[in-house]
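**Student:** Sequence first, predicted model second:
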Amino acid sequence: MMNVKKAAGLLGLLLILQTPSLAHSEMAGQLIFENFKNELYVKSIIDKRMLSLALMQEADCTPDQMISICGDEYLQEHIQITVNCQPVTYEKVSVTLEKNAVVYSYRMIKADEPIASVSITSDFLLRYNEHAFVRAQFAIDNISKSFDLKASKKTIEANFLQP
């Protein structure tokens with residue numbers, strides 16, 4: 001009888017350890033910003049499971065459109081980007097499927113002046129897990145910065161003015 005209790009306890013412990021908990025931070029995605037001259041590029045690496053959850057609840061699309069069309073529309077609707085305090089539009093360059101992620105690459109409209117600041121406002125996937133976060137990483141004119149967007153902090157601004 002004691003061996004059955006030990007085995008049941010061990011099985012319960014293993015299940016707890018292997019079950020992803022919503023009580024800890026979970027990266028929903030990454031936004032990687034890089035520039036070439038005054039043109040800004042963004043790579044969005046999105047957790048495939050979390051994106052699918054959001055699209056099933058919010059998007060009206062067929063399964064074959066989910067990643068290529070609806071995912072792109074969802075990102076553009078839920079992530080607002082400004083460069084030098086001006087809203088920018090971005091165009092999709094490519095979509096790549098990885099094992100656990102979808103990678104969207106975007107190109108921004110070329111700025112008339114050097115990039116001094118980038119601001120991001122997003123509720124992207126944050127409403128489904130209050131502990132989720134989206135990491136924004138910047139490599140602008142040899143300046144690297146990293147910030148986390150989360151339910152309690154949906155806007156970040158990165159400044160790149162060189163002294």
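**Tutor:** Sure thing, it's come through. Since the model is a prediction, treat every value here as computed from it, not as a measurement.
**Student:** For this protein, which segments count as strands?
**Tutor:** Using DSSP state E, the strands found in the chain span residues 26-36, 39-47, 79-83, 86-87, 90-97, 101-108, 117-122, 132-140, 143-150, 155-159.
**Student:** Can you convert the ones you listed into CSV and add a column each for distance to residue 56?
**Tutor:** Where C-beta positions appear, they are placed from N, C-alpha and C, glycine not excepted. Supplementary listing: the strands of the chain in CSV, determined by distance: least, C-beta to C-beta, whole Å:
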stretch, distance to residue 56
strand 26-36, 15
strand 39-47, 14
strand 79-83, 19
strand 86-87, 29
strand 90-97, 17
strand 101-108, 14
strand 117-122, 20
strand 132-140, 16
strand 143-150, 22
strand 155-159, 27
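**Student:** mind checking which of these is nearest residue 65?
**Tutor:** Closest to residue 65 of the strands of the chain is strand 90-97 (C-beta to C-beta; 11.8 Å).
**Student:** So which other helices or strands are in contact with that closest one?
**Tutor:** The contact analysis (3 or more C-beta pairs under 8 Å, 6 or more residues apart in numbering; DSSP states H and E) places strand 90-97 against helix 71-78, strand 101-108.
**Student:** hmm, try it at 6 Å
**Tutor:** If you count contacts as 3 or more C-beta pairs under 6 Å, 6 or more residues apart in numbering; DSSP states H and E, strand 90-97 packs onto strand 101-108.
**Student:** Spatially central residue in this structure, please.
**Tutor:** Nearest to the mean C-alpha position of the chain, by C-alpha atoms, centre = their mean, lies residue 29 at 3.0 Å.
**Student:** number of nearby residues for the closest residue to that one other than its chain neighbours?
**Tutor:** Of all residues not flanking residue 29 in the chain, residue 46 sits nearest, at 4.2 Å (C-beta to C-beta, 6 or more residues apart in numbering). Using other C-beta atoms under 10 Å, residue 46 is surrounded by 26 other residues.
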